[in-house]
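Sharing a model prediction with you, sequence too.
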Amino acid sequence: MDVQALLMSMLMQLPARVPLLIALAVALALVLRQRAADPFAVRLAAWGFGVMLAAQVLAAVTYPLLQAYVTSAALPFAATGLFYSVIGIGLAMIEATGLILVALAVVRRRR
């Protein structure tokens, strides 16, 4: 897989990822505007939205790179599934961490 095919693979993900990336960026900006309200809750929420935003960007880059590696290494189907599963679980754990941070910020703010 050459560089052009890799970039096209990344660009093909944009229609599905852009709305979520925009929503996370707007949420992060809104949270950062409310710094004076409760600094600790705002920090938790900012970290949470930032982690989720980073996970989405990482996923947009990681899956095409993994596809390029699988194609160039001519891996068997079982190994390909294993690689995608491990990457998917890792990215899901990162997203879950961000969501937990946002939930902690909401609980902290409610007190």
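Done, it's in.

Give me the buried stretch members for the helix or strand of the chain at the bottom of the mean pLDDT ranking, please.
Between all helices and strands in the chain, the lowest mean by mean pLDDT, DSSP states H and E belongs to helix 3-12, at a mean of 83. Residues of helix 3-12 classed as buried: 6, 9, 10 (neighbour count, 16 or more other C-beta atoms under 10 Å). For every residue, glycine as well, the C-beta is placed using N, CA and C.

now that helix: how far from the chain's centre is it?
Chain-centre distance of helix 3-12: 18 Å, with C-alpha atoms, centre = their mean, to the nearest Å.

List of residues touching that helix?
Applying C-beta atoms under 8 Å, 6 or more residues apart in numbering, the contact partners of helix 3-12 are 1, 60, 61, 63, 64, 65, 67, 68.

tell me the two of those residues that are most distant?
1 and 60 (16.3 Å; C-beta to C-beta).

Name the residue in those two with the higher neighbour count.
residue 60 (18 against 15; other C-beta atoms under 10 Å).

elements contacting the host helix or strand of residue 93?
Per DSSP states H and E, residue 93 falls inside helix 77-110. Counting contacts by 3 or more C-beta pairs under 8 Å, 6 or more residues apart in numbering; DSSP states H and E, helix 77-110 packs against helix 39-73.

could I get stretch 17-35 in CSV with only the CA atoms?
C-alpha atoms of stretch 17-35 as CSV (Å, rounded to 0.1, in the frame of the first residue of the first chain):
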residue,chain,number,x,y,z
ARG,A,17,-15.7,10.9,12.0
VAL,A,18,-16.0,14.6,11.3
PRO,A,19,-19.4,15.1,13.1
LEU,A,20,-18.1,13.4,16.2
LEU,A,21,-14.8,15.3,16.1
ILE,A,22,-16.7,18.6,15.7
ALA,A,23,-19.0,17.7,18.6
LEU,A,24,-16.1,16.8,20.9
ALA,A,25,-14.2,20.0,20.0
VAL,A,26,-17.2,22.2,20.7
ALA,A,27,-17.9,20.4,24.0
LEU,A,28,-14.2,20.9,25.0
ALA,A,29,-14.4,24.6,24.1
LEU,A,30,-17.7,25.0,26.1
VAL,A,31,-16.2,23.3,29.1
LEU,A,32,-13.0,25.4,29.0
ARG,A,33,-15.2,28.6,28.9
GLN,A,34,-16.6,27.7,32.3
ARG,A,35,-13.3,27.5,34.3
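
Understood, closing this out.
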